[in-house]
Structure formats: C-alpha cells, structure tokens
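Enquirer: pasting the structure only:
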C-alpha cells in the first residue's frame, strides 16, 4: 500500500541537525548554514553544536541561533539531518511531537533513508525553500528491552543515549514475540524499510 504524499510549504525557519560525532559533519553544516542565511532563512542548530563554533571546521554565520533540543520551539518549518540514517532517526525523534518534517542529507556511504547526498546540499536546500519537497507519514515503533520481565533498556534511536551503545534484545508486537537474539552477544540494529 502506498502512503499519501503531502506537500511541504516553502521553508523559512530551519533546524540543522548534524551527526553527533560533530567534526565530520561540520563543513557540511557550515555550508548549509551560510547558504540559508544568505537567503534570509532563520537557521538554528542544537546548543551543543553552537557552543563549538570556535572549531575551525564549523563556521556558523552570526545569524545562526542555538536551540535547546529538550525545549524545541514549534516554529520550525523543517529539520535538516546532516549525517547518516542514525542522524536522521535521532533528528526525527527530537521533532516528532512538533510535526516537523525531516529532510535527510547523507554524509556517509550508504544512507537508505536520506533523499539527498553530500554533493546535493544546495539542491536539497533550494528544493526546501522553493516548496518542492513532499513528505510521507512513517510509523514509529517503541521498543522496550526486558530482562526477566524488568525493563532495562531503551531503543537505539533514543537521542538521549549514545549512538554507539547497543543492546541485545528480542522484539514484541502487541504482546507476541517476533524475534530472539541469536546469542547473548547479539546486537540490536535499527529496522528500516526501503522499497
């Protein structure tokens, strides 16, 4: 079943969300911020990124403002995730309650979920400003990790946890077990659907 596509109005206020290991995404974040500010777009970055603007790889225009991810304002038109699939999933988690669409720009090698690649940053942003983007609804899944009936873990896509930490898990859907780890050292991975 195909899900309906929804148009996105031309973006005038954008949250740039670079990958969490920082410096690898800083040149692309700098490029995106400068391009947007030159066109009069309001740009924000997470506070922890803004605090690193003395890093030589991160050149943010003075107009870029910091934003607390724990208290995001609801006036963003778009969030732009600069990184890989994990970055896109973390960004979408932060803005989920605000109904803000997330545009993925893949900075890595694979990037199943991102619509654009590193060399298409300007094209992606131009499409966002011109209202040439559309979004489709995605379902979210809440995952609990249980040990002897006690909850002890959270989903890997939780932005408040380290992206490097992984847990062994089994999956349940409406009370039915879907999978078991292959061994005590099995690792959970993000489940993505891609046609």
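Expert: Here it is on my side, so go on. This one's a predicted model, so the numbers in the text were calculated from it and none came from an experiment. Numbering: from 1, shown residues only.
Enquirer: please count neighbours and contacts with C-alpha atoms only from this point.
Expert: Fine.
Enquirer: distance of the nearest residue to residue 26 once chain neighbours are set aside from residue 16?
Expert: Nearest non-adjacent residue to residue 26, counting by CA to CA, 6 or more residues apart in numbering: residue 58, 4.9 Å away. To residue 16, residue 58 is 13 Å away according to CA to CA, to the nearest Å.
Enquirer: what about the protein, any weak spots by pLDDT?
Expert: Filtered on pLDDT under 70, the chain yields the residue ranges 1-4, 22, 139-142, 153-195.
Enquirer: show me the domain layout of it.
Expert: 11-135, 144-179 (automatic domain parsing).
Enquirer: out of the ones you listed, deepest packed?
Expert: domain 11-135 (a mean of 18; mean count of other CA atoms under 10 Å).
Enquirer: ok, back up a step: between residue 58 and residue 16, which contacts overlap?
Expert: Common neighbours of residue 58 and residue 16, using CA atoms under 8 Å, 6 or more residues apart in numbering, are residue 29.
Enquirer: what's the helix or strand where residue 125 lies packed up against?
Expert: Taking DSSP states H and E as the definition, one finds residue 125 inside helix 121-130. Helices and strands touching helix 121-130, by 3 or more CA pairs under 8 Å, 6 or more residues apart in numbering; DSSP states H and E, are helix 26-38.
Enquirer: OK, contacts around residue 130?
Expert: Taking CA under 8 Å, 6+ apart as the test, what residue 130 contacts is 10, 11.
Enquirer: ok, it to residue 7 distance?
Expert: From residue 130 to residue 7 the distance is 11 Å (CA to CA).
Enquirer: may I have the phi/psi pair for the closest residue to residue 151 other than its chain neighbours?
Expert: Sequence neighbours aside, residue 145 is the residue nearest to residue 151 in space, at 5.7 Å (criterion: CA to CA, 6+ apart). Here is the backbone geometry of residue 145 (degrees, to the nearest 10): phi -100, psi 120.
Enquirer: over to residue 115?
Expert: phi -80, psi -20.
Enquirer: the closest residue to it other than its chain neighbours pairs with what?
Expert: The shortest distance from residue 115 to any residue other than its chain neighbours is 5.8 Å, reached at residue 104 (CA to CA, 6+ apart). Residue 104 has these beta-bridge partners by DSSP bridges: residue 81.
Enquirer: which residues does residue 104 contact?
Expert: Each residue near residue 104 by CA under 8 Å, 6+ apart is listed here: 80, 81, 82, 83, 84, 85, 88, 113, 114, 115, 116.
Enquirer: what ranges does this structure have for its helices?
Expert: For the chain, the helices defined by DSSP state H cover 26-38, 47-50, 85-95, 121-130.
Enquirer: dump those to TSV, plus distance to residue 149.
Expert: Compiled in TSV, the helices of the chain are given as follows (distance: least, CA to CA, whole Å):
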stretch	distance to residue 149
helix 26-38	42
helix 47-50	36
helix 85-95	26
helix 121-130	46
